[in-house]
Structures are given as structure tokens and as C-alpha cells.
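Q: Provide a 3D model corresponding to the input given below.
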Amino acid sequence: MGALRDILDSTLESGTEGPDRQVLFEGATLAILARVLEGGTRVDLAVSDYLALFPIGADESHIRADLIICVSDCHSLLLRAAGRHPESARLVLDDTTRAWRSTDAADRLDAKLGITRIQACIGNIRRAIGPIA
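A: Next comes the predicted model:
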């Protein structure tokens with residue numbers, strides 16, 4: 001759970017307006033991926049557990065479904081980048097998380113740009129994986 005807290009804490013650091021919803025969503029995706037990789041938890045259960053601990057987007061009924069889609073797709077990307085070796089996938093996730101955190105706000109895809117939250121999330125995490133793979 002330490003990895004979950006670290007990622008959540010990093011996503012909550014923002015200006016006075018509160019956390020950027022897209023960054024918070026992507027941080028949740030990375031935290032849930034850590035849980036899936038570390039414990040072999042099913043994606044849907046890991047998403048439910050995360051939302052029970054950190055109720056992001058509580059005002060959005062589809063947040064759970066969106067997270068399941070993003071985590072599932074990014075899990076496949078991580079496994080592919082790790083050469084289908086689950087033990088290496090955690091290292092790829094750690095490197096991806098560092099790259100994602102260091103991405104400039106101007107370089108991030110955002111749902112405000114006319115794409116969906118899911119497309120922005122997968123795109124930003126894919127960009128973070130790119131140099132690692």
C-alpha cells in the first residue's frame with residue numbers, strides 16, 4: 001500500500017485550485033497497476049479496493065469503468081515492454097512512474113483537448129513507457 005500512498009500524494013501536490021482531475025486519474029491508474037503487478041490482484045478488484053480507500057471522482061458514476069479500461073490496457077503495455085516477463089514488469093512500472101511524474105504539464109495529453117480521459121491516460125502512460133521499452 002506504500003506505493004499507492006506515494007503516487008496519490010504526488011498527484012495531490014498542485015495549486016490552490018485542487019488536484020488536476022486528469023493527473024489524479026492517471027496517478028490512480030499507476031497505483032492500481034502496482035497493486036495488480038505486486039499481488040496478482042484482478043484489475044476490477046484492485047480498482048474497487050483503490051476507490052474504497054481513495055474515492056476520486058465520487059461524483060462520476062463511470063470512474064470505475066474508466067479505470068478498469070486504463071489499467072487493463074496499460075497492464076498489457078507494461079507486460080509488452082517487459083518482454084512478457086511479469087517479474088520485470090514491476091521495474092518497468094517504477095521507471096514509467098518516474099517518467100510520468102517528470103512530464104511537463106504542457107507535454108501531457110488532457111481531456112480538455114478534445115480527447116477522452118481514457119485516451120489521455122493511456123497516451124500519457126504510453127509516452128512514459130516509450131523511452132523505457
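
Q: what ranges do the helices span in the protein?
A: 2-12, 21-39, 43-53, 63-81, 86-101, 117-129 (DSSP state H).

Q: so where's this protein uncertain?
A: Low-confidence segments of the chain, defined by pLDDT under 70, span residues 1-19, 133.

Q: returning to that earlier point: out of the helices of the chain, nearest to residue 109?
A: Closest approach to residue 109 among the helices of the chain (Cβ to Cβ): helix 117-129, 4.1 Å. Where you see a C-beta, it was placed from the backbone N, CA and C, and this is true even at glycine.

Q: Show me what that closest one is packed up against.
A: Under the contact criterion of 3 or more Cβ pairs under 8 Å, 6 or more residues apart in numbering; DSSP states H and E, helix 117-129 touches helix 21-39, helix 63-81, helix 86-101.

Q: Which stretch among those helices is buried most, on average?
A: Of all those, helix 21-39 carries the top mean neighbour count, a mean of 22, counting by mean count of other Cβ atoms under 10 Å.

Q: tell me what that one is packed against?
A: Going by 3+ Cβ pairs under 8 Å, 6+ apart, helix 21-39 lies up against helix 2-12, helix 43-53, helix 63-81, helix 86-101, helix 117-129.
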